[in-house]
Structures are given as C-alpha cells and as structure tokens.
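Chemist: Give me a 3D structure for the following:
(one chain, ligands or ions: 1)
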Amino acid sequence: MLELYQYEISDIYDQELDAHGEYGYDLTRHFEGKRFFAHVVLVNGHYAGFALVALAMVTQKDGCWMEQFFILKKYRNADLGTALARHVFQTHPGPWEVGQMPRNLAAQVFWRKVISLLTGGCFTEVQVTEGWWQGVVQRFNYETAA
Ligand SMILES: CC(C)(COP(=O)(O)OP(=O)(O)OC[C@H]1O[C@@H](n2cnc3c(N)ncnc32)[C@H](O)[C@@H]1OP(=O)(O)O)[C@@H](O)C(=O)NCCC(=O)NCCS
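Modeler: The predicted structure is shown next:
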C-alpha cells in the first residue's frame with residue numbers, strides 16, 4: 001500500500017523508482033522505534049488503507065506526527081478516512097500535528113474537515129515555509145473524550 005500511496009502523490013512529490021521498480025519507502029524507524037506506529041484498515045478482510053504515526057517533529061517536539069495516511073480509491077468517500085483518523089487519534093491521545101504538502105489541496109480539505117469534526121473545531125493551522133518539511137500543519141490536543 002505504501003507503494004500505491006507514493007505513486008498516487010508522484011505528481012505533487014517528485015520521486016524516481018529504484019532498480020527494483022519501487023519507491024522503497026524507508027520503514028526502518030517503524031521496525032526499530034518504540035514510538036513509531038502503523039495502523040492498517042481492513043474491509044471484509046481486504047486491505048483498504050493505512051496510517052503511519054511518528055513522533056512530532058515539524059512544529060513541536062511533544063506528541064505525534066501523521067507521517068502517512070492513505071485510503072485505497074475503491075474505499076474512498078465512505079467515511080473510512082474519517083474512521084481511521086478517529087481510531088489513530090484515540091489510540092495516541094495528546095498533542096498532534098498533521099501536515100499536508102502545499103500542492104495536496106484535496107488532503108488539506110479532508111484534514112480540515114476531519115480534524116474540525118473530531119476536535120470540535122479546537123485546532124490551529126500554520127504554514128511551515130522553512131526546514132526539512134514544508135506545507136500546511138494542523139495542531140491540536142486530542143483528548144479521548146472528544
Ligand atoms: C484524503 C483521503 C485519505 C480521504 O479518504 P476518504 O476515506 O475518502 O475520506 P472520507 O470519506 O472520510 O471524507 C471525509 C470528508 O473529507 C472530504 N474529502 C475526502 N476526500 C476529499 C477530496 N479528495 N477532496 C475534497 N474533499 C474530500 C469528504 O467529502 C468528507 O467531507 P463531508 O463529510 O463533508 O462529505 C484519500 O482520498 C486518500 O487516501 N488520498 C490520497 C492520499 C493522501 O493524499 N493522503 C493524505 C496525505 S496528508
């Protein structure tokens with residue numbers, strides 16, 4: 001699924017395939033790290049999407065960063081992305097930062113709606129224009145009772 005995700009965003013995030021014909025996303029930190037998490041969505045036993053969660057690293061040091069988030073095309077527009085986001089935030093309550101690349105306008109619409117819904121509108125948004133990752137970031141504190 002990571003390969004599908006990388007391909008999907010290849011028109012807004014330039015990458016080349018490696019010698020194996022893969023993007024080859026580096027998951028080393030997720031295999032080794034204690035605070036890196038992967039969540040996979042199944043629908044009737046079939047893979048439908050995933051989320052990768054890492055330590056906050058772009059605008060803050062505390063809490064979590066949504067590193068990757070993807071729903072397969074056939075399962076979109078059925079609130080699965082919303083359900084996955086809710087599950088991930090509930091699993092990792094506390095400070096969050098969720099980022100979208102500047103050209104991923106659809107993801108910005110999606111995340112503003114979903115975060116607004118799940119936080120009752122209690123989030124802030126910043127534009128990150130310097131550093132290793134740049135784009136739009138929503139920040140909030142997710143409480144399990146939300
Ligand atoms: C963005 C993505 C996760 C949405 O998943 P989904 O399961 O279709 O989302 P939902 O059905 O839960 O949609 C929730 C809300 O976001 C809106 N939304 C979802 N995709 C949208 C899009 N492409 N453009 C505009 N709004 C969108 C929906 O209309 C819905 O709003 P509504 O409740 O007012 O109708 C999915 O399209 C995807 O995986 N995209 C490619 C990867 C990507 O960009 N990931 C995000 C990286 S930051």
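Chemist: ok, the residue lying closest to Ala54 once chain neighbours are set aside - contacts?
Modeler: Leaving aside its sequence neighbours, Ala54 sits nearest to Glu67 (C-beta to C-beta, 6 or more residues apart in numbering; 4.4 Å). To be clear about C-beta, it is placed using only N, CA and C from the backbone, and glycine gets the same treatment. Taking C-beta atoms under 8 Å, 6 or more residues apart in numbering, we find Glu67 in contact with Phe36, Leu52, Val53, Ala54.
Chemist: Also Leu27?
Modeler: Here Leu27 is in contact with Leu2 (C-beta under 8 Å, 6+ apart).
Chemist: Go through the contacts of Glu67 and say which is closest to the ligand.
Modeler: Proximity of the contacts of Glu67 to the ligand (C-beta to the nearest ligand atom) peaks at Leu52, which lies at 10.6 Å.
Chemist: Remind me which helix or strand the closest one belongs to.
Modeler: Per DSSP states H and E, Leu52 falls inside strand 46-55.
Chemist: Neighbours of the closest residue to the ligand within the chain, how many?
Modeler: Using C-beta to the nearest ligand atom, Gly81 is the residue of the chain that sits closest to the ligand, at 2.7 Å. By other C-beta atoms under 10 Å, 22 other residues sit near Gly81.
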